[in-house]
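Q: Sequence and predicted structure are below.
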Amino acid sequence: MTLNIIIIVIFMAVAIILFLLEIFLLPGITIAGIGGVLFAIGGIVYAYSVGTVAGHITLVGSVILFIGFFAWLLRAKSFQRVSLKTNVDSTLTSTRDMGLQVGDQGITLSRLAPIGKARFGETTVEAKTQGEFIDEQTPVEIIRLEGYNVVVETFSIKN
């Protein structure tokens, strides 16, 4: 009976350690999270194979222990140490605020495949095409302004 208790405790301890690794060190669903679930299920199933009372005690005890551990970690502000504290205060300038208009002519600074950089006068913007690729240093013309997007096509010289 003592061996059974030791096996159950080891299963549940490994499960909790793997869950904590998953939460704090390994973002996303990884092998640690899957392993934690498998060890927890294995420990509970093994406890129920020992006896119904042992299974109930293991199930209730592991839920209480996990909730208690998680609450303690939240209160200890453990997440504060690993959380991102950067504030993003930049804004996106509308193409209308840049003074760009349909018909403005410029040149591509990078390949538009179908999005890249283009310069119109002194203004450099991210431009996009209607699907075709345009090589760099190609003359382009604005055919449409869509909020923050500048849609261009190659500029054909008219005689």
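A: The structure has been received and is ready for your questions. Owing to the predicted nature of the structure, the values given are computational and were not obtained by experimental measurement.
Q: contacts, neighbours, all on C-alpha from now
A: Will do.
Q: Next secondary structure after the lowest-mean-pLDDT helix or strand in the chain?
A: Here the helix or strand of the chain ranked lowest by mean pLDDT, DSSP states H and E is helix 78-82, holding a mean of 65. Where DSSP states H and E defines the elements, the next helix or strand beyond helix 78-82 is strand 105-108.
Q: now the helices: where do they sit in this protein?
A: Counting by DSSP state H, the chain has helices at residues 2-24, 31-50, 52-75, 78-82.
Q: Save those helices as CSV, and put in mean neighbour count and distance to Ala113 too.
A: Putting the helices of the chain into CSV (neighbours: other C-alpha atoms under 10 Å; distance: least, C-alpha to C-alpha, whole Å) gives the following:
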stretch, mean neighbour count, distance to Ala113
helix 2-24, 17, 39
helix 31-50, 18, 37
helix 52-75, 14, 46
helix 78-82, 11, 38
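Q: How about the contacts made by Ile29?
A: Counting by C-alpha atoms under 8 Å, 6 or more residues apart in numbering, Ile29 touches Glu22.
Q: Roughly how far does it sit from Leu65?
A: 22 Å (C-alpha to C-alpha, to the nearest Å).
Q: in this structure, which strand has the most residues?
A: In the chain, assigned by DSSP state E, the strand with the most residues is strand 139-146.
Q: Can you tell me the centre-most residue of the protein?
A: Taking C-alpha atoms, centre = their mean, the centroid of the chain lies closest to Gly28, which sits 8.5 Å from it.
Q: Could you list the domains of this structure?
A: Here the domain parsing of the chain from automatic domain parsing is 2-82, 105-154.
Q: and the shortest one, how far apart are its ends?
A: Across its full length, domain 105-154 reaches 9 Å between end residues, using C-alpha to C-alpha.
Q: hmm, back to that, what values do phi and psi take at the residue nearest to the centre of the chain?
A: phi 80, psi -170 (degrees, to the nearest 10).
Q: What sits closest to it if chain neighbours are left out?
A: Spatial nearest neighbour of Gly28, excluding adjacent residues (C-alpha to C-alpha, 6 or more residues apart in numbering): Glu22 at 7.6 Å.
Q: Pull the contacting residues for the spatially closest residue to Lys117 that is not a sequence neighbour.
A: Nearest non-adjacent residue to Lys117, counting by C-alpha to C-alpha, 6+ apart: Glu126, 4.6 Å away. Shown in contact with Glu126 (C-alpha under 8 Å, 6+ apart): 115-118, 149-150.
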